[in-house]
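Participant: below is the sequence, then the predicted model.
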Amino acid sequence: MRIKLEKRAEPSRFMLFATPVAAVVFTILIGAVLFDALGYDGLGTVKEIFFTPILASYKWQDVATKAAPLILIALGLSLGNQAKVWNIGAEGQYIAGALAGALVAYLTPGVASHWIIIPMVIAGVLGGAAWAAIPAFLKTKLNVNEVLTSLMLVYVALQLLSYLVTGPWKDPNGHNFPQTAPFTDAQLLPHSIAGTFIPPGLVIAFVLMLAFWLVVSRSVYGFQVRVVGAAPSAARYAGFSANGTVWSTLLISGGMAGLAGILEATSQLGQLNLGFPSNYGFTAIIVSFLGRLHPVGVFIAGIVLAITYVGGQVAQTTVHVPSASGGIFQALMLFLILAGDVLVRYRLVLK
Amino acid sequence: MTMDFIISAIVTVVGISTPILLAATGELVVEKSGVLNLGVEGMMLIGAITGFAVTFTTFNPWLGVIAAAAAGAAVSMVFGVLVLSLGSNQVATGLALAILGIGLSTLIGAGFTGMIVPQFSSIFPSVLSHDPFWRVIFGYSPMVYIALAIIFAVGWVLNYTRAGLVLRAVGENDLSAHSIGYSVIGIRYMAIAFGGAMAGIAGSYFSMVITPMWAERMTAGRGWIALALVVFAGWKAGRLVIGAYLFGALMTLELYAKASGFQFLPSQFWASMPYIMAIVVLAVISYRDRTGSEAPACLGKPFLPNS
């Protein structure tokens, strides 16, 4: 008896929704077994990583705070992934956005009006987009693979951040710590909206989710992105520009990552330091796939991944697993969602 | 510049280039078969911790290297099953492998921080290996010679043997290779396993040769440089060696710059240099090869013949 894959005439709607859920369930099961095998408390680990952040209401703010940048970045990445434009460097664009926004803040220390936030955020978006423009330029003009260039630029952005916070931007009153001076009160957004646990970034993420949904499902541009990804030659006949799609998807995803970066800096950290990069740019790739590249799916998936971030920290202190444990669960989830993809397009047949 | 300086620079460059060369050689074979595995960084880290852990328990670095190769190959099979048997997206699956390797190596390595393993002893008499001049040829870890032997063997197999021809055929035209009776999937599985083993050995070089210690994420992005190197080399084994030494020279420059005179530029500038150079080099190479004729034609495309 052999198992064979048989192509479905139509992608299965049921599997499209069922496989991400199954991926999360199997991640929990496999994770428990794996951590038991490694000599940790497997059940305790999955309980802390997946359930404590949901059950303990004092963790909700933490989850919402981590979900915001993940969703923002993944919304942009999903657009590119549909066009098969692979932006792997969102982490670098996230840093570049924060740096650009912070530059505006440090150039205008005397401005006492809260309106300064707006140019800061715009600079953040532009900074992220500019960082993504490098792979876009190289891809469209010189045919350089965007996977490698966008990724290399993450390392360059990390070094740039390190240079600025230990050199020219170092806080003179910071006791020699590698950090910038704190933003002024006018330059800060609140941690969360008054009276709730919702950070401003999550509200923005929700509004942008609706906007992306509209664009993807109702606009010619959304259709163009899908056609360029699924059938490049058909896209050429239809007059859709492949280069234009590369540019627009990279600029949009870079801009979204930059937005996430400056919002994180101004509403959560209040300054920049060496601990600013948190791998959101890489984790957002998982969010994008777990959310099936759909804005609503991405929003839900962002919350799921945020739970593993928070839960990973909980598990470190309560069941003493290393800090990398959350990352293992995230990788498992991505493997399982990719394996699940096959069930959307194919039927398993026993022969 | 004195002779001493030149020799010590060469010794550093060759040493520092070796793991990139090993990993890139493995990836070259994988890509020649038509598969793009972006998980090199993760497989290297798995190799680094496995080699370290086995050497630490057995006091035998050779067993460590073999275990590192086996672990790299084993973890690459997770990628293999997904992209070959299930036809999943290679870019995303490779990334998942990288993330898994980073996480898993940190988890396993948690108990090994701060410990030290015995290193390889030189295979040449110390008269030669410590001679101020002859150490430029004889003064390396055995792994350096093994790496060079492997890359020459791979170059020869790819270009002058039937096995190499079949591998290239699978990467250039999978349907034709399939129709004349070769198992495309089987050959790709073997290529991926070889790539995993090479990445595993490359990783063990970090934790057993460069330093005798394990540290989280100690490969520091060299796996990604190895991927760039394959493109730089135009998928040719000979150019891979030249490219690896070029990147090695850049990294050596960073070391010297940090240690001495070039302090008018910040150390972060030198640290980002290999990545900036990789981008520049990719741009130049890709411009010359605008049609993409050097890359294997089936690179990155899933093969599902009966569908």
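Facilitator: Done, it's in. Please read all numbers here as calculations on a predicted model, not as lab measurements.

Participant: helices of the chain, residue ranges please.
Facilitator: Going with chain A. Assigned by DSSP state H, the helices in chain A fall at A:13-37, A:42-46, A:52-55, A:60-82, A:90-107, A:117-142, A:146-166, A:200-218, A:220-230, A:232-237, A:242-264, A:280-290, A:295-318, A:325-345.

Participant: hmm, I had chain B in mind actually
Facilitator: Counting by DSSP H, the helices of chain B are B:3-32, B:40-58, B:61-80, B:90-109, B:126-129, B:135-138, B:142-160, B:162-172, B:174-179, B:184-205, B:222-232, B:237-259, B:267-288.

Participant: pick the most buried one from those.
Facilitator: helix B:40-58 (a mean of 28; mean count of other CB atoms under 10 Å in any protein chain shown). No exception for glycine: its C-beta is placed from N, CA and C like everyone else's.

Participant: now that helix against helix B:3-32, angle please.
Facilitator: 110 degrees (axes from the mean of the first three to the mean of the last three CA atoms, to 10 degrees).

Participant: mean confidence score for helix B:40-58?
Facilitator: Helix B:40-58 shows an average pLDDT of 96 in the prediction.

Participant: residues from the stretch 201-350 of chain A in reach of chain B?
Facilitator: Selection of the stretch 201-350 of chain A residues close to chain B by CB under 8 Å from any CB of the partner chain yields A:282, A:285-286, A:289, A:321-328, A:330-332, A:334-335, A:338-339, A:341-342, A:345-346.

Participant: quick check: B:M213 touching B:S207?
Facilitator: Yes: in this structure, B:M213 is within contact of B:S207 by CB atoms under 8 Å, at 6.7 Å.

Participant: okay, and the common contacts of the two?
Facilitator: The contact sets of B:M213 and B:S207 overlap at B:52, B:117 (CB atoms under 8 Å, 6 or more residues apart in numbering or on different chains).

Participant: more neighbours: these two, which one.
Facilitator: When neighbours are counted by other CB atoms under 10 Å in any protein chain shown, B:M213 and B:S207 differ, and B:S207 comes out ahead with 30 against 16.

Participant: how about low-confidence regions in chain A?
Facilitator: Scanning chain A with the threshold set as pLDDT under 70 gives A:1-3, A:351.

Participant: contacting residues around A:Q61?
Facilitator: A:191-192, A:197, A:199.

Participant: quick one: residues contacting the closest residue to A:L158 other than its chain neighbours.
Facilitator: Of all residues not flanking A:L158 in the chain, A:P277 sits nearest, at 6.3 Å (CB to CB, 6 or more residues apart in numbering or on different chains). Contact analysis of A:P277 by CB under 8 Å, 6+ apart lists A:91, A:94-95, A:158, A:161.

Participant: hmm, B:N89 and A:V342 touching each other?
Facilitator: No: when contacts are counted by CB under 8 Å, A:V342 is not listed as touching B:N89 (10.4 Å).

Participant: could you double-check that B:A48 sits in contact with B:F206?
Facilitator: Yes: between B:A48 and B:F206 there is a contact at 5.1 Å, judged by CB under 8 Å.

Participant: overlap of the contact sets of the two?
Facilitator: B:218-219.

Participant: picking that back up, which one of the helices of chain B lies nearest to A:G80?
Facilitator: In terms of CB to CB, the element of the helices of chain B nearest to A:G80 is helix B:90-109, at 11.3 Å.

Participant: helices or strands up against the closest one?
Facilitator: Counting contacts by 3 or more CB pairs under 8 Å, 6 or more residues apart in numbering or on different chains; DSSP states H and E, helix B:90-109 is packed against helix A:280-290, helix A:325-345, helix B:40-58, helix B:61-80.

Participant: ok now that helix, how far from the chain's centre?
Facilitator: 16 Å (CA atoms, centre = their mean, to the nearest Å).

Participant: okay, angle between it and helix B:222-232 too, please.
Facilitator: 150 degrees.

Participant: with distance to B:I108 added, can I get the helices of chain A in JSON lines?
Facilitator: Formatted as JSON lines, the helices of chain A follow (distance: least, CB to CB, whole Å):
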{"stretch": "helix A:13-37", "distance to B:I108": "11"}
{"stretch": "helix A:42-46", "distance to B:I108": "15"}
{"stretch": "helix A:52-55", "distance to B:I108": "25"}
{"stretch": "helix A:60-82", "distance to B:I108": "26"}
{"stretch": "helix A:90-107", "distance to B:I108": "24"}
{"stretch": "helix A:117-142", "distance to B:I108": "34"}
{"stretch": "helix A:146-166", "distance to B:I108": "25"}
{"stretch": "helix A:200-218", "distance to B:I108": "35"}
{"stretch": "helix A:220-230", "distance to B:I108": "37"}
{"stretch": "helix A:232-237", "distance to B:I108": "42"}
{"stretch": "helix A:242-264", "distance to B:I108": "31"}
{"stretch": "helix A:280-290", "distance to B:I108": "20"}
{"stretch": "helix A:295-318", "distance to B:I108": "16"}
{"stretch": "helix A:325-345", "distance to B:I108": "10"}
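
Participant: which one is the spatially most central residue of chain A nearest to, not counting chain neighbours?
Facilitator: Most central in chain A under CA atoms, centre = their mean is A:A284, positioned 2.6 Å from the mean C-alpha point. Ranked by CB to CB, 6+ apart and with sequence neighbours excluded, the top spatial neighbour of A:A284 is A:I73, at 3.7 Å.

Participant: A:I262 too?
Facilitator: A:G124 (2.7 Å).

Participant: contacting residues for the one you found?
Facilitator: Counted by CB under 8 Å, 6+ apart, A:G124 has contacts A:97-98, A:100-101, A:258-259, A:261-263, A:265.

Participant: that concludes my questions; thank you for your assistance.
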